[in-house]
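Peer 1: following is a predicted model, sequence given first.
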Amino acid sequence: MTFTGLLADVARIFEAIGAAVLVVGIVWSVVLASRAWHTAGGRRGYQVLRETFGGVLLLGLEILVAADLVRTVAVAPTVRNVAVLGLVVLIRTFLSFSLQVEIDGKLPWRRGLVGGAPAVKGVDNSSRPLAGSREEADTGR
């Protein structure tokens, strides 16, 4: 078996794993959503389904892009294949961004305003120097 043949097989394995993630993920998402539906009602069940399957879609897309990357770079590195890969990556990036906004309910650059260390009760880092900074070393803290 040649190196190119081996990498073609690796790409097929990645594609199979990506497809399996999607199939198992939809089943798992439906199971979780039905459990949430029975315990917390229909709205919560729908929300759980969207969140879990959105995460599954993101993971499946990542794995399928890895398969495309292996196939394009290692198996058939033509200009056309690289251009197609670039288009696939652009589409995947847009889909990932859209799915993440749908899952979180907010834009990625707005996440830090809602959560994070400053939102934790009693934490105020605005006037504190960074750990290991020159100011901290000079004062002996």
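Peer 2: Structure's in. What do you need?

Peer 1: distance check, Gly54 against Ala36.
Peer 2: Distance from Gly54 to Ala36, counting by C-beta to C-beta, to the nearest Å: 15 Å. C-beta coordinates here come from the backbone N, C-alpha and C atoms, glycine included.

Peer 1: just give me the residue closest to the centre of this protein.
Peer 2: Residue closest to the average C-alpha location in the chain (C-alpha atoms, centre = their mean): Leu58, at 4.8 Å.

Peer 1: what about the helix or strand that one falls within, average pLDDT?
Peer 2: Using DSSP states H and E, Leu58 falls within helix 42-70. Throughout helix 42-70, pLDDT has a mean value of 89.

Peer 1: got the buried residues for it?
Peer 2: By neighbour count with 16 or more other C-beta atoms under 10 Å, helix 42-70 contains the buried residues 45, 47-49, 51-54, 56-58, 60-61, 63-68, 70.

Peer 1: tell me the helix or strand right after that helix.
Peer 2: Counting by DSSP H and E, what follows helix 42-70 is helix 79-104.

Peer 1: the helix or strand Arg12 falls within - contacts with which helices or strands?
Peer 2: Using DSSP H and E, Arg12 maps to helix 3-40. In terms of contacts (3 or more C-beta pairs under 8 Å, 6 or more residues apart in numbering; DSSP states H and E), helix 3-40 is packed against helix 42-70.

Peer 1: by how many degrees do the helix it packs on and helix 79-104 diverge?
Peer 2: 160 degrees (axes from the mean of the first three to the mean of the last three C-alpha atoms, to 10 degrees).

Peer 1: Asp104 and Ala8, how far apart?
Peer 2: 37 Å.

Peer 1: quick one: which of those two has more around it?
Peer 2: Taking other C-beta atoms under 10 Å, Asp104 and Ala8 do not tie; Ala8 has more neighbours (17 against 14).

Peer 1: just give me the neighbour total for the closest residue to the more buried one other than its chain neighbours.
Peer 2: Spatially, and ignoring its direct neighbours in sequence, Ala8 is nearest to Val75 (5.0 Å; C-beta to C-beta, 6 or more residues apart in numbering). For Val75, the neighbour count with other C-beta under 10 Å is 17.
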